[in-house]
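# After the sequence you'll find the predicted model.
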Amino acid sequence: MRGNRVNRRRFIGGAAGFVVAAPVMSPSRSLAQAYPNRTIRVIVPFAAGGPSDIIARIVADAIQPRLGQSVVIDNRAGGGANIGIGQAARAEPDGYTILITTSAFVINPSLYKKIPFDPIKDFAPVCDLAVSPQMLSVLPGYVNTLAEFIAKAKEAKGKLNYSSPGLGTQAQLTVELLKLRAGIDITHIPFTGGPPAVAALLSRSVELVTNAVPTSEKLVHAGTIHPLAVSGKDRWFSLPNVPTLVESGFPGFITDTFVGMFAPTGTPKEIVDRLATETQAALKDKDVITRARGAGFQVIGGGPDALAKRVVEEVALNREIVQKAGIEPR
């Protein structure tokens, strides 16, 4: 991680290197004091109606009255989120274009041969908004615990299959990391979304499914599928009896999907700090927390330093998973 330390400092520092010479006010400070005085655009690199879009709209609604200006969502889907993220990276760094995106931000640098952004050099972190863990599930009666599944997989020696919502998703990388940590060999069957991946389990085409909790939660409560573990730091609020991967014997195994807010590098530090402060305050509102949970996310509200740390660590982790799992970049 020593090599990452320099990047992390650069990432956290953003545009904090300006100098104020009394009694002349710097352009950055003058701009920040007037901020915002017009509409703020939030680029979401996914189509409207998806989980990240819902969280972005919840956050936009919550910070709008605190900032005193309109905050509008601009969906720029395509290219596995690369198109929208790239547009945000090239936006004017004045605080009027910000990015709200998911873990694709830290996965895509390893998943694609060429992308139009650098997650560390091109962005200043603003706020770690919310997380949603992955859940590993089987059919009832197959096994009761993750340890039992791992034992079955070792006995089967490569004959078991698992489904996920798609290639390069956080769900796939979670199981690929489990394969590395547990020393098992199971074959990935990718689908185009969570529901088809679950359907593959229900039809017994696969032995394990992994996807975001909201996709499978109702089936768990109905007894249709059996959860083995969730990949978050803590147990999921509505599934208190489902252990985490850490509790299941894998220290430090946390691979939840996060949603974060970023500004283009060069955005004045005062503006980044204002956005972070107002967003963190808005995320403490009970209605915001309830709405986020309804969308399948747990509010985090971490500041710029926390988000910077997450980005550096997860870019490195995903690179390691992709390389060791033999996933060919697109």
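Sure, I can see it. Numbering: from 1, shown residues only.
# What segments of the stretch 1-150 of the chain are helices?
Secondary structure of the stretch 1-150 of the chain by DSSP state H, counting those that start in this stretch: the helices cover 2-13, 27-34, 51-67, 82-89, 104-111, 146-156.
# report the longest strand in this structure, please.
The longest strand of the chain (DSSP state E) is strand 123-132.
# strand partners of that strand, parallel vs antiparallel please.
Counting by DSSP bridges, the strands paired with strand 123-132 are strand 257-264 (antiparallel), strand 298-302 (antiparallel).
# After the first one, which helix or strand is next?
What that stands for is strand 257-264. Using DSSP states H and E, the next helix or strand after strand 257-264 towards the C-terminus is helix 269-282.
# next one: the last one
Beyond strand 298-302 on the C-terminal side, the first helix or strand identified by DSSP H and E is helix 304-325.
# now for that next one, which elements pack on it?
Using 3 or more CB pairs under 8 Å, 6 or more residues apart in numbering; DSSP states H and E, the elements in contact with helix 304-325 are helix 2-13, helix 104-111, strand 123-132, helix 170-182, strand 257-264, helix 269-282. (C-beta placed from N, C-alpha, C; glycine too.)
# What mean pLDDT does stretch 166-186 get?
Rounded to a whole number, the mean pLDDT of stretch 166-186 is 95.
# roughly how far is it from the heart of the chain?
17 Å (CA atoms, centre = their mean, to the nearest Å).
# Buried residues in it, which are they?
166, 168-179, 182, 184, 186 (16 or more other CB atoms under 10 Å).
# any idea which of those is the one closest to residue 113?
Comparing the buried residues of stretch 166-186 against residue 113 with CB to CB places residue 168 closest, at 12.6 Å.
# hang on, isn't the closest one packed against residue 109?
No: Residue 168 is beyond contact range of residue 109, at 11.3 Å (criterion: CB atoms under 8 Å).
# what about this structure, any weak spots by pLDDT?
Within the chain, the ranges that satisfy pLDDT under 70 run 1-32.
# can you tell me which residues contact the most centrally placed residue in the chain?
The chain has residue 258 as the residue nearest its centroid, 2.5 Å off, counting by CA atoms, centre = their mean. Counting by CB atoms under 8 Å, 6 or more residues apart in numbering, residue 258 makes contact with 102, 103, 128, 129, 130, 131, 300, 310, 314.
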